[in-house]
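>>> Need coordinates for the below:
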Amino acid sequence: MAIRIGSFNIKDFGQSSLGKKDMDAIANIIRNYHYDVVAIQEISDKYAMMVLLEAVSGQRVENLMDAYQRTNGYD
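Residues are numbered from 1 along each chain as shown. The predicted model follows:
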């Protein structure tokens, strides 16, 4: 079984440095290549990472965290 790994070094990855167009482009690349593991380097802002995660998954971050906690017994 092959594992697809994507690694992105996005200089100063933050909401102030990336516009919606950039964020959508990154999300589309991640979604379209069906990576199993994705690494984003140089994250400067937690909000930007949440926006990207929501763009890739199509779900609210809170819903993803709730599902993760339920699946892994963190109720």
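
>>> alpha carbons only for contacts and neighbour counts from here, please
Fine.

>>> Show me where the protein dips below the pLDDT cut-off.
Residue ranges of the chain with pLDDT under 70: 15-18, 63-75.

>>> What separation is there between the residue nearest the centre of it and residue 1?
The residue lying closest to the centre of the chain (Cα atoms, centre = their mean) is residue 53, at 3.3 Å. Note on residue 53: its distance to residue 1, by Cα to Cα, to the nearest Å, is 25 Å.

>>> if we can go back for a sec, give me the three-state assignment for the residue nearest to the centre of the chain.
Of the three states, residue 53 takes helix according to DSSP: H, G, I helix; E, B strand; the rest coil.

>>> which of the residues in the helix ranked longest in the chain are buried?
Secondary structure of the chain read by DSSP state H shows that its longest helix is helix 20-33. Buried residues in helix 20-33, counted by 16 or more other Cα atoms under 10 Å: 23, 24, 26, 27, 30.
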